[in-house]
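Undergrad: show me how the following folds:
(chains A and B)
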Amino acid sequence: MKKKRRITPSHWTLLGLSLIVVMVLAAVLFKGAGGEKIKSDVAPPPAESPPEPVLPRTTKTVNLFFLSEDDSLLHPEPREILAGPSIGEEARQVVQELIRGSSKGYVSPFPAETKLRQLFITKDGVAYVDLSREIMEKQPSGSSAELATVYSIVNTLAYNFKPIKKVFILVEGSEKETLGGHLNLSEPFVPLFSLNAR
Amino acid sequence: MIGLNETTAKHLACFCLLFLSLISLASAQPTLRVSAQDHDGYSRVIVTFPSALPFSLEKDGTLLLVRVSSSSSFRLKAEPVKSRFIKSFSWAKSNDLYIIIIEARHERFRPDSFEIEKKRQLVIDFYELAELPPGGTDKAETPQAPAEPEKKEEPPPAAGEAMPRVEESAAAARGIRTIVIDPGHGGLEVGARGKFGTLEKDITLAISLRLKTLIEKNLAFNVELTRDRDMDVSLENRAAIANNHRAELFISIHANSSYRRNANGSETFFLSLNATDEEARRLAYLENNSTDLDKPLAPENEDDIVMILWDLAQAAYLKQSQRLAEIIQDELNSLLNTRDRGIKQAPFKVLTGVACPAVLVESAFISNPEEERELVREDFQENVAQAIYRGLVRYIKLLS
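TA: Numbering: from 1, shown residues only, chains lettered A, B, ... in the order given. Prediction:
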């Protein structure tokens, strides 16, 4: 009788192991539920945005990079956005804030009419930013203007979100050659932090 | 006697150890070597493998490709090519496959190969074939039975005479050297627009035409324009025009525009690559080995790499393009009264496919009313052309 009730060390190991398994499973499930669904189609229909759960959300400070009249570098401007629930959602707010422009007198390298149509992030760290046609039609069409527009988005996203390694810019849901005859849009951009002011 | 023997034995052992360690040191960096040598009636290429590796040969026009499969990496080293028939060595790598590209002066040759297993060598003898009558397809001309490898004295009949003729025509062909000038924008794509209505496409064409005149008057270069009037030309076609003319230099001319009202000055761009780690490794590999090939990439070798990586053609010329940009920017600074914005790197679509040193010059800001007034002046346009021309002269001198 005594023998049966006794808990041997091997029992403890078994218990410990199963505990670990349960914890890992829980972590994986939790992450799976919380993480963003990854879409790889290039042009998802714009109306497809799922209903957001109404939760109390905290804010978070990000840095937006704008032009300045003083030099041709991109200057950071802190901005409050709502935190979470996913990087995709935060990145969407960041690009919308970029297009909204500076509140500190910096120059916004976007035509005011530009809209963010869609933004999604693939699991290999490429953010697809789909902008409305005004980004091409109403821009000044110069190398400097294009550099500012592209790297304002690319550097801002890569600076604030570590998982974003590259940014692919789409216009009206499809891939374009350039915005105005200069920078190559048919490949994702890697950030050029040398354009950021120190 | 015994003691003496012992010390000699010790010395011997030490020596052996040293020798072994030297050998292991040498073999720590496995290297595949390629060399070429001319013999009477044929040119011999010797490929020395680091270990026994499977390979296959394929003739493709003027090229002979040696495909080598290897799961372990090794260095590739080519001796300088000093052959009348072998033009160059280059290579490409993807995963476990290495491709050694041997380029011959023309495509009429018969490769005759054999292996020396002891030395892990592949010997390929290139026999030139007589010129075919026009209209004949010479691509199917390879399958002759390989002659006995050791036979050295049996040149194909016409080879002796064909050689100088070929060299002459190649030299003559190379005598026509081309610079391609690309006037930015054009047609419906007007480019930037100034406050007073100046269109970028008109300024870039005016400067380009002036530059063309300067070069043709003073240099032994042929100039091709990607457009000589107001018309649409796609960005890919601009690069293709340069490559089809086997351009040695490519200059794209633009006028700048910014969201900043005050933006001003002149700058010169060369290409930057949005390279992933994988791409960067491939490029680094190409770059490292092109220095092994020929210190500065000789102009006649410049189209080797393009055959493999057309979409990244410019990647092989980044260093030269940077140098060209530096020199042109220097001349712009001394001839124009504009602010020096320096040289910069950016992923310009028009430059990516160009298979020669290539830069994009932003002469001044059309979006800045003061500079717009300058840009429409003939003397300013002439100065921009003059500055670029001087830069080209300096760059060409640097190479010769």
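
Undergrad: where are the low-confidence patches of chain A?
TA: A:1-56 (pLDDT under 70).

Undergrad: next to chain B, which bits of it? Give me the list.
TA: A:67-69, A:72, A:107-109, A:140-145, A:147-149, A:166, A:177-178, A:180-190, A:192 (Cβ under 8 Å from any Cβ of the partner chain). Where you see a C-beta, it was placed from the backbone N, CA and C, and this is true even at glycine.

Undergrad: buried subset of those residues, written for PyMOL?
TA: Buried subset of the residues of chain A next to chain B, written as a PyMOL selection, criterion 16 or more other Cβ atoms under 10 Å in any protein chain shown:
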select buried, chain A and resi 67+68+72+107+108+109+140+141+142+143+144+145+147+148+149+166+178+180+181+182+183+184+185+187+188+189+190+192
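
Undergrad: so residue B:232: helix, strand or coil?
TA: coil (DSSP: H, G, I helix; E, B strand; the rest coil).

Undergrad: in the helix or strand hosting residue B:125, what counts as buried?
TA: Assigned by DSSP states H and E, residue B:125 belongs to strand B:121-128. Using 16+ other Cβ under 10 Å as the test for burial, strand B:121-128 gives B:122-128.

Undergrad: hey, where'd the helices end up in chain A?
TA: All helices of chain A, identified by DSSP state H, fall at A:2-5, A:9-34, A:87-100, A:134-137, A:143-160.

Undergrad: what of the stretch 301-400 of chain B?
TA: For the stretch 301-400 of chain B, applying DSSP state H, counting those that start in this stretch gives helices covering B:318-335, B:349-352, B:369-375, B:378-399.

Undergrad: need the residue closest to the centroid of chain A.
TA: Centroid check for chain A by Cα atoms, centre = their mean gives residue A:91 as the closest residue, at 3.5 Å.

Undergrad: which single residue of chain B ends up nearest chain A?
TA: Relative to chain A, the nearest point of chain B is residue B:257 (2.6 Å; Cβ to the nearest Cβ).

Undergrad: what is the neighbour count of that residue?
TA: 27 (other Cβ atoms under 10 Å in any protein chain shown).

Undergrad: in chain A, which residue sits nearest chain B?
TA: For chain A, Cβ to the nearest Cβ, closest residue to chain B: residue A:142, 2.6 Å.

Undergrad: which non-adjacent residue is nearest that residue?
TA: residue B:257 (2.6 Å; Cβ to Cβ, 6 or more residues apart in numbering or on different chains).

Undergrad: same question, residue A:176
TA: Nearest to residue A:176 is residue A:185, by Cβ to Cβ, 6+ apart, at 5.0 Å.

Undergrad: now swap in residue B:70 and tell me
TA: Using Cβ to Cβ, 6+ apart, the closest residue to residue B:70 is residue B:53 (5.1 Å).

Undergrad: list the contacts for the one you found?
TA: B:68-70 (Cβ atoms under 8 Å, 6 or more residues apart in numbering or on different chains).

Undergrad: buried ones among these?
TA: For the contacts of residue B:53, buried by 16+ other Cβ under 10 Å: B:68, B:70.

Undergrad: of the contacts of residue B:53, which is the nearest to residue B:208?
TA: Of all the contacts of residue B:53, residue B:208 sits closest to residue B:68, with 45.5 Å by Cβ to Cβ.

Undergrad: helix/strand/coil for the closest one?
TA: strand.

Undergrad: got the confidence number for it?
TA: Note on residue B:68: pLDDT of 85.

Undergrad: that one and residue B:55 touch, don't they?
TA: Yes. Using Cβ atoms under 8 Å, residue B:68 is in contact with residue B:55, at 4.7 Å.

Undergrad: what residues do those two have in common as contacts?
TA: Contact with both residue B:68 and residue B:55 is made by residues residue B:49, according to Cβ under 8 Å, 6+ apart.

Undergrad: what residue, apart from its backbone neighbours, is nearest residue A:102 spatially?
TA: Nearest one to residue A:102, counting by Cβ to Cβ, 6+ apart, is residue A:66 at 4.7 Å.

Undergrad: count of residues packed around the one you found?
TA: Around residue A:66 there are 25 residues (other Cβ under 10 Å).

Undergrad: identify the residues contacting stretch A:123-137?
TA: Contact partners of stretch A:123-137, identified using Cβ under 8 Å, 6+ apart, comprise A:38, A:42-43, A:91, A:95, A:110-111, A:113-122, A:149, A:153, A:157, A:161, A:163-173, A:176, A:179-180, A:188.

Undergrad: start to end distance for that stretch?
TA: 31 Å (Cα to Cα, to the nearest Å).

Undergrad: how near is the residue nearest to residue A:142 to residue A:181?
TA: 11 Å (Cβ to Cβ, to the nearest Å).

Undergrad: with residue A:198 instead?
TA: In terms of Cβ to Cβ, residue A:198 sits 31 Å off from residue A:181.

Undergrad: ok, residue B:255 next?
TA: Residue B:255 is 12 Å from residue A:181, by Cβ to Cβ.

Undergrad: so what sits against both of these two?
TA: Common contacts of residue B:255 and residue A:181 (Cβ under 8 Å, 6+ apart): B:184, B:191.

Undergrad: Provide a list of residues in contact with the spatially closest residue to residue B:112 that is not a sequence neighbour.
TA: With Cβ to Cβ, 6+ apart as the criterion, residue B:112 has its nearest non-adjacent residue at 4.5 Å, and that residue is residue B:125. By Cβ under 8 Å, 6+ apart, the contact list for residue B:125 reads B:39, B:42-45, B:111-113, B:149.

Undergrad: who's residue B:125 bridged to?
TA: In this entry, residue B:125 is beta-bridged to residue B:44, residue B:112, by DSSP bridges.

Undergrad: distance check, it against residue B:77.
TA: In terms of Cβ to Cβ, residue B:125 sits 21 Å off from residue B:77.

Undergrad: what's the answer for residue B:116, then?
TA: Distance of residue B:116 to residue B:77, given as Cβ to Cβ: 19 Å.

Undergrad: I'm done for today, thanks for sticking with me.
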